[in-house]
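J.: okay, predicted coordinates and the sequence, questions at the end:
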Amino acid sequence: MPELPEVETIRRGLVKELAGLTLFGLAADESRVFRTSAAVLRTALSRAELLAVERHGKYLFLRFRNGILLLHLGMTGRLLVRNQEISHEPKKEDDSLPRHLHLRLFFEDDVVLEFWDTRLFGRVEWFPQATGPVRDLFPHLGPDPLSGEYREADFYERLKRHGGTRIKSLLIDQSFLAGLGNIYADEVLFRTRIHPARRVGGLRRFERAGLFTTIPNLLQEAIRKGGTTWRDYVNSTGGRGNFADELQVYARTGMPCRICGEPVRRLVLGGRSSHFCPRCQPRQGTFTS
DNA sequence: CACTTGACCTGTCCGC
DNA sequence: TGCGGACAGGTCAAGT
């Protein structure tokens, strides 16, 4: 489900609902989302005060005094904050969890954080004794476009190293930029009028500049709308995001382009669907800035 | 090294 | 109603 705007929306929700609370227990299943065993988690996270909720790209982190818990939602992961009293699900650590619910974190004041994931592409991992920036835990990730690490000269410099790559594939490569996924990559390319199959080396200067500014602007706009609910995504209170109304090309195959009326087309690149308008985003590029 | 493909999972939808 | 295939917002390992 979630790309940067959805993860950021969840992060803000968790800050609001969990900040400063102490975690005193957990229930976990044996699923493959766990990179750290439940026994280790249980030991590390008994009586732990939540200090901060942080994010880099699509990676979400719960910071405690004795370490950092990584939560990655993969394709279908959900994080839901519930109140114990109204939750009908297991109330004790040793009760078994319903299908697709993999982790429950019990906080004080009857607050419970639940991690659900049907497709099991998500990930839960404990980094003991981690006290530095969360970014250091994943050095192979590229800069987060909403962080101070995202800088114009560096962006152009790194684009140069991937001249033979199709721009769509590069935009969703998390080692190039952390945060864009299939939806927002397609939307960025529509807004910059760049055909997804074009090679990075063939982009013109105004197109590279357009990408640099459009990427963070689009992400911010999506965050303001609470992210995109397409199929599975919901925020930490179970609510939907409204950015789906703003999508110009993603999942609009065959529907008229909102700018020129030409039917939106779909094409597979690097195994992923790409949606674009063949008139607004010609393969050979546009000639105006 | 740069880049592509397939695997990992489950669920839904669509055509027959 | 059932069955097969295509498709799904992400990452990772293995292939060319």
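T.: Nice, I can see it.
J.: residues contacting the residue nearest to residue A:151 when sequence neighbours are not counted?
T.: Counting by C-beta to C-beta, 6 or more residues apart in numbering, residue A:151 lies nearest to residue A:143, which is 7.8 Å off, once chain neighbours are set aside. All C-beta spots, glycine's among them, are computed from the backbone N, C-alpha and C. Residues near residue A:143 by C-beta atoms under 8 Å, 6 or more residues apart in numbering: A:149-151, A:154, A:177-178.
J.: show the buried residues in the residues you listed.
T.: A:150, A:177-178 (16 or more other C-beta atoms under 10 Å).
J.: okay if I get those residues as JSON lines plus pLDDT?
T.: Shown next, in JSON lines, are those (pLDDT from 0 to 100):
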{"residue": "A:150", "pLDDT": "97"}
{"residue": "A:177", "pLDDT": "97"}
{"residue": "A:178", "pLDDT": "97"}
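J.: so after the longest helix along chain A, what's the next helix or strand?
T.: Across chain A, the longest stretch assigned as helix under DSSP state H is helix A:205-224. Next along the chain after helix A:205-224, taking DSSP states H and E as the criterion, comes strand A:265-269.
J.: and that next one, what other elements does it pack with?
T.: Applying 3 or more C-beta pairs under 8 Å, 6 or more residues apart in numbering; DSSP states H and E, we find strand A:265-269 packed against strand A:272-276.
J.: the strand it packs on near DNA strand C at all?
T.: Yes. Strand A:272-276 comes into contact with DNA strand C (C-beta under 7 Å from any atom of the strand), by way of A:272-273.
J.: returning to what we had before: quick one: the contacts of residue A:143 as CSV, columns for distance to residue A:74 too.
T.: Shown next, in CSV, are those (distance: C-beta to C-beta, whole Å):
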residue, distance to residue A:74
A:149, 24
A:150, 24
A:151, 29
A:154, 29
A:177, 19
A:178, 15
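J.: just the closest of those residues to DNA strand C, please.
T.: residue A:178 (7.7 Å; C-beta to the nearest atom of the strand).
J.: surely the closest one is in contact with residue A:72?
T.: No. Between residue A:178 and residue A:72 there is no contact under C-beta atoms under 8 Å: 11.7 Å.
J.: what about residue A:105, distance to DNA strand C?
T.: 21 Å (C-beta to the nearest atom of the strand, to the nearest Å).
J.: overlap in contacts, residue A:178 and residue A:72.
T.: Shared contacts of residue A:178 and residue A:72, defined by C-beta under 8 Å, 6+ apart, are found at A:58-59.
J.: any idea how far the longest helix of chain A is from the chain center?
T.: Centroid separation between helix A:205-224 and its chain, computed with C-alpha atoms, centre = their mean, to the nearest Å, is 16 Å.
J.: what's around the residue in the stretch 51-200 of chain A positioned nearest to DNA strand C, how many residues?
T.: With C-beta to the nearest atom of the strand as the measure, residue A:181 is the residue of the stretch 51-200 of chain A nearest to DNA strand C, at 1.9 Å. Neighbour count of residue A:181, defined by other C-beta atoms under 10 Å: 21.
J.: export the buried ones among the contacts of residue A:143 to CSV and tack on distance to residue A:207?
T.: Formatted as CSV, these follow (distance: C-beta to C-beta, whole Å):
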residue, distance to residue A:207
A:150, 18
A:177, 16
A:178, 22
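J.: reformat those as JSON lines; add secondary structure.
T.: Below are the buried ones among the contacts of residue A:143 laid out as JSON lines (DSSP: H, G, I helix; E, B strand; the rest coil):
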{"residue": "A:150", "secondary structure": "coil"}
{"residue": "A:177", "secondary structure": "coil"}
{"residue": "A:178", "secondary structure": "coil"}
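J.: just these now: which is nearest residue A:272?
T.: Ranked by distance to residue A:272 (C-beta to C-beta), these are led by residue A:177 at 15.4 Å.
J.: show the contacting residues for the residue nearest to that closest one when sequence neighbours are not counted.
T.: Spatial nearest neighbour of residue A:177, excluding adjacent residues (C-beta to C-beta, 6+ apart): residue A:142 at 4.6 Å. With contact taken as C-beta under 8 Å, 6+ apart, residue A:142 is in contact with A:57, A:158, A:173-178.
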